[in-house]
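Participant: Please work out how this folds:
(2 chains)
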Protein chains: 2
Amino acid sequence: MRYSRLLIPTVKEVPAEAEVPSHQLMIRAGFIRKLASGTYSYLPLGWRCLRKIIEIVRQEMDAAGAQEVLLPAVQPIELWQKTGRDVDYGETMARFTDRHGRVNVLGPTAEEVVTHVAAQEIQSYKQLPINLYQISFKFRDEFRPRFGVLRSREFMMKDAYSFDADQQSLDESYRKMYDAYRRVFDRCELTYVIVEAETGEMGGSGSHQFTVPCDNGEDFIVRTEDGSYAANLEKAAVDPLPKQPAKGDWPAMEEVHTPQVGSIEAVCGFLGTTPREMIKTLIYSAGERTVACLVRGDHEVNAEKLTQAAGGVHVELAGESTIQKATGAQVGFAGPMGLHDRVDVVLIDHAVAAMATGVAGANKTDYHVRNVVPGRDFPLEGRNVKVLDMRNAVEGDTHGGRKLTFKRGIEVGQVFKLGTKYTTKLGCTFLDDAGASHPCLMGCYGIGINRILAAAIEAGHDDNGCILPVAIAPFEVEVLAVNYDSPAVTAESERIYNDLSRAGLEVLLDDRDARPGVKFKDADLIGIPLRVVVGDRGLKDGNVEIKRRTDAKPTAVPATEAVAAVRRIIDDMRSR
Amino acid sequence: MRYSRLLIPTVKEVPAEAEVPSHQLMIRAGFIRKLASGTYSYLPLGWRCLRKIIEIVRQEMDAAGAQEVLLPAVQPIELWQKTGRDVDYGETMARFTDRHGRVNVLGPTAEEVVTHVAAQEIQSYKQLPINLYQISFKFRDEFRPRFGVLRSREFMMKDAYSFDADQQSLDESYRKMYDAYRRVFDRCELTYVIVEAETGEMGGSGSHQFTVPCDNGEDFIVRTEDGSYAANLEKAAVDPLPKQPAKGDWPAMEEVHTPQVGSIEAVCGFLGTTPREMIKTLIYSAGERTVACLVRGDHEVNAEKLTQAAGGVHVELAGESTIQKATGAQVGFAGPMGLHDRVDVVLIDHAVAAMATGVAGANKTDYHVRNVVPGRDFPLEGRNVKVLDMRNAVEGDTHGGRKLTFKRGIEVGQVFKLGTKYTTKLGCTFLDDAGASHPCLMGCYGIGINRILAAAIEAGHDDNGCILPVAIAPFEVEVLAVNYDSPAVTAESERIYNDLSRAGLEVLLDDRDARPGVKFKDADLIGIPLRVVVGDRGLKDGNVEIKRRTDAKPTAVPATEAVAAVRRIIDDMRSR
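Facilitator: Numbering: from 1, shown residues only, chains lettered A, B, ... in the order given. Okay, here's the model as predicted:
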């Protein structure tokens, strides 16, 4: 296509609102424009990249035996109420009341709808296994959309859903998707890590996450140094810390007046302690039950581990009145003493149990307590008390005795074994060969189409712009006519452009009446993997210049051989 | 692909909720399933049809020089407030308040967003003309969704938007789209009529509608018998009726007590008159102004003509208090007498002016008036009184002296010259070669992807099922293995299936372990254009049977020649 006929509004300046390279470059290269918080228009080049990614995903899904469908984006809330996920998603799920008073949601995903469809159509084991997928609009009202299309509110997701008759068959469906995902990300030339993942709001029994390591990722890849264990932060299990030796008999607990000092930081400042000497007591509501969770002041409760420990139900920080009932004090002064008699469950992180002593809230407004000794001043076992892994892994932690390392990354895909969570609630059953009814076993498999592009740019760019893999670049080769006012340059550029197009390559011809410097800068910015430069200087010797985006310098080749040379290089890139 | 591996849930019974053949057959053939009012899941076969239509539309848009983009479906209400269309669309446009309190809409179309994007990126006349299109999710909260995907709430629309520097250039952009639309519908093998259309909520100066004639369409094609004039019902202009001769001096007006008798039907029943003897007086609000419109009791006010006559602003039926203020009576008793002094404008349809006398409301609660003579009892001209074409054409009307005919149809596409309506309001301007700023001239062009499929089925079906054109059928050819338990049949079916697939055809192999009757019925229902039947009986003589969906009887051909024969027929179908 001709540059002069395409909307490619490149930008010199780094946009102020863009924090990370992929966001900056997608705006600068004219791929996207922001419409509102977390929503982006894809301009011609950006959309070409997305379409190429979509086609790769589609081919691999089809090859793996999945069937493409299109499910409604606007979905009745009743389906979400049946699974309880209207509560799980909370405000992240956009809702609207239609003109007839019915509440609809904008689907953040489609487990409910696809299970509803499958429930209507699946009767017999003979129809299984089946895998349905779609590539479509999704919306999540993120509290803080950021990093451009890495965390946007509106996005394009490939979501697949498998239905199987037994565990072995589910394992096989899962493996097929797992392998298809590897092929997708390989073809997109992404370097990625596969880690064990928690199932989160999806529920279910197993999950893997495909993550592209990069400095600006929002996800953490947690790995042992020898690579024998890899998980995301939500999942990563840590070894208990060694019990701190008690230095003789510790003095008895001492109440300290800490007026209006509620937060960990404030208490530390007030008492001159450090967060790692504090015991943080958090009160949650898990359905009807009240759950207390103790972690060290410098640690964070891991939401997934908490959900698992609470039996898989939706857990949220308790309201003020529940906290006051559990502690007898205002919010900010909860402590572990006597709590097991006042809440339903007390979950104590290993690291708290390992403390020799600590500072905690006094369960009395405006008071804290020093010299709290775990096991002496509050129990570490009992009917409703458990010591277990409740926190996020941090630097220094080990897993199986091996030191954990941390790396940021971008999640581009995740696969889940869901089991019967949805099929039971939505009545998706089949009859076996003996006529007995069972719920289908389900798996679900997501790929963030937009994120693949952003991750590729995060991983592939330099100071001058994007460095895109050939499989997802908007064009495979650019013919850059240095000066379009020269008839010789025009004629040769057009010839090469036409010959390459006829050979089935995706070619961009920069035919603009613009200064050479502008054209070279734009070419670097857009990041098409191969460039053919046609200029008067080279043509004098019958040459054009060929340069990969990653080459430091161009190579002169006879103009007559340019098309063959380009085809060789692109063939080589394609087969990588 | 193999039938046994695909979700094709055909249904024998005609679904109770489906009124029209396309809706019935799309459900019965397993193309779609209803999720909620006006929202449908596309199952594998239905989605294959849509994808083929999408690809045709994409190719023709690209060939016409339009550039594909993807714009957000969730859009800030502020853009719609700038053009006033938040009011025009009213409840049809779904809105939701997000977690940060901002009001968003689900885009029913994208003029506002694309003009906003263009306003940011277009600076110079050198960038024009430009045409941006997308194929994407749209949502309209129809008051009464019906006829399956013909009037659904969620749908797939191709919407293109052109920006030009002057009228001649806009005319050319419009012509390119007009021609591209013809190619799209030709390739989809639709029989269609192109009619002049009103611009409706789009605004602007010209429009054509592409309509597929069929008994169940919601649109009307209005044409003169000689075909010299064709318009849709919204647009169709009718000649004034001849003035009815007054039979001598008509008696003076006579007030009649009509207690609680408000509707035309009720008044007719009460007074023993017919609707064509009634003068219907309707009171509207057009922005700040109150507008009265008079039509004969058996005629309908044409909303588009009303909007045009009111100056292009949003017009709606007035509220009770406005009506009471204008008439001095309760709703249901409005009449033309003295109205020109009490409203801002009185618009009188030709047919009312042509009446010798009529019955009208008395502007007095519970009273009507007989012997109302237009021109005598209320003025037919004046400062704020106009006689003009205000109504829908009906049987018996003429245009330019030629009798009008009426045919139902399905609108599958529409093109509009919008002019500067949006570009002025959203600041989309360009600098000309002298450095002067002008608003861009805009056009917009829509195709209902889902409707093309439904219209094709409305136009192409019989008692047994769909009859789909090869270009949009889910598969081009079906290989029907009569009895899959016969090794000879299995082997020959598989061979033909593989050979046809390798030849680049889209082939469905019915490899199910099912009775022949079931297979034949399903094949008819799905409506794949060509069928190859492989059965033991034919194979004994070395034959298979080939049958177009439209053939009454199959033709026996030697099995060894089947592939060549199928390729010839499909090539012929494709080149149609």
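Participant: Follow the chain on from the helix or strand encompassing A:Leu509 and name the next helix or strand.
Facilitator: For A:Leu509, the element it lies in under DSSP states H and E is strand A:507-510. Using DSSP H and E, the helix or strand that follows strand A:507-510 towards the C-terminus is helix A:516-526.
Participant: Point out the other helices and strands that that following helix packs with.
Facilitator: The contact analysis (3 or more CB pairs under 8 Å, 6 or more residues apart in numbering or on different chains; DSSP states H and E) places helix A:516-526 against strand A:465-466, strand A:477-481, strand A:507-510. Using the backbone N, CA and C atoms, a C-beta is placed for each residue, glycine as well.
Participant: Tell me which helix or strand comes right after it.
Facilitator: strand A:530-534.
Participant: got the contact list for that next one?
Facilitator: Contact with strand A:530-534 is made by A:470, A:476-482, A:489, A:492-493, A:496, A:523, A:544-549, A:554, A:559, A:562, A:566, A:569-570, A:573, as judged by CB atoms under 8 Å, 6 or more residues apart in numbering or on different chains.
Participant: Out of those residues, which end up buried?
Facilitator: A:470, A:476-482, A:489, A:492-493, A:496, A:523, A:544-547, A:549, A:559, A:562, A:566, A:569-570, A:573 (16 or more other CB atoms under 10 Å in any protein chain shown).
Participant: For the residue positioned nearest the centre of chain A, list the residues it contacts.
Facilitator: Centroid-nearest residue in chain A, with CA atoms, centre = their mean: A:Glu411, separated by 3.5 Å. Listed by CB under 8 Å, 6+ apart, the contact set of A:Glu411 reads A:209-211, A:217-219, A:232, A:448, A:451.
Participant: same question, A:Met390
Facilitator: A:293-295, A:301-302, A:305-306, A:309, A:347-350.
Participant: how does it look with 6 Å?
Facilitator: Contact analysis of A:Met390 by CB atoms under 6 Å, 6 or more residues apart in numbering or on different chains lists A:293, A:295, A:305, A:347, A:349.
Participant: List just the nearest of these to B:Ala94.
Facilitator: Of all those, A:Lys305 has the smallest distance to B:Ala94: 38.8 Å, by CB to CB.
Participant: With adjacent residues omitted, what lies nearest to that closest one?
Facilitator: Leaving aside its sequence neighbours, A:Lys305 sits nearest to A:Met390 (CB to CB, 6 or more residues apart in numbering or on different chains; 5.4 Å).
Participant: A:Glu478 pairs with what?
Facilitator: For A:Glu478, the beta-bridge partners are A:Leu508, A:Arg531 (DSSP bridges).
Participant: Wait, it touches A:Ile528, no?
Facilitator: Yes - between A:Glu478 and A:Ile528 there is a contact under CB atoms under 6 Å: 4.5 Å.
Participant: coming back round to it: please name the bridge partners of the residue nearest to the centre of chain A.
Facilitator: A:Thr211.
Participant: mind checking pLDDT for it?
Facilitator: pLDDT, A:Glu411: 94.
Participant: From A:Ala454, how far off is it?
Facilitator: Using CB to CB, to the nearest Å, A:Glu411 is found at 11 Å from A:Ala454.
Participant: One more: A:Arg144?
Facilitator: Taking CB to CB, one finds A:Arg144 at 17 Å from A:Ala454.
Participant: Looking at these two, which one has more neighbours?
Facilitator: A direct count of neighbours by other CB atoms under 10 Å in any protein chain shown for A:Arg144 and A:Ala454 places A:Ala454 higher, at 29 against 8.
Participant: and the more buried one, what does it touch?
Facilitator: A:22, A:149-150.
Participant: At the contact with chain B, which residues of chain A appear?
Facilitator: A:7, A:9, A:33, A:35-36, A:39, A:41-44, A:47, A:67-74, A:76, A:91, A:94, A:96, A:98-99, A:117, A:121, A:137, A:139, A:141, A:154 (CB under 6 Å from any CB of the partner chain).
Participant: Just the buried ones from those residues?
Facilitator: Looks like the residues of chain A next to chain B have A:7, A:9, A:33, A:35-36, A:39, A:41-44, A:47, A:67-74, A:76, A:94, A:96, A:98, A:117, A:121, A:137, A:139, A:141, A:154 buried, using 16+ other CB under 10 Å.
Participant: Fine, thanks again, bye for now.
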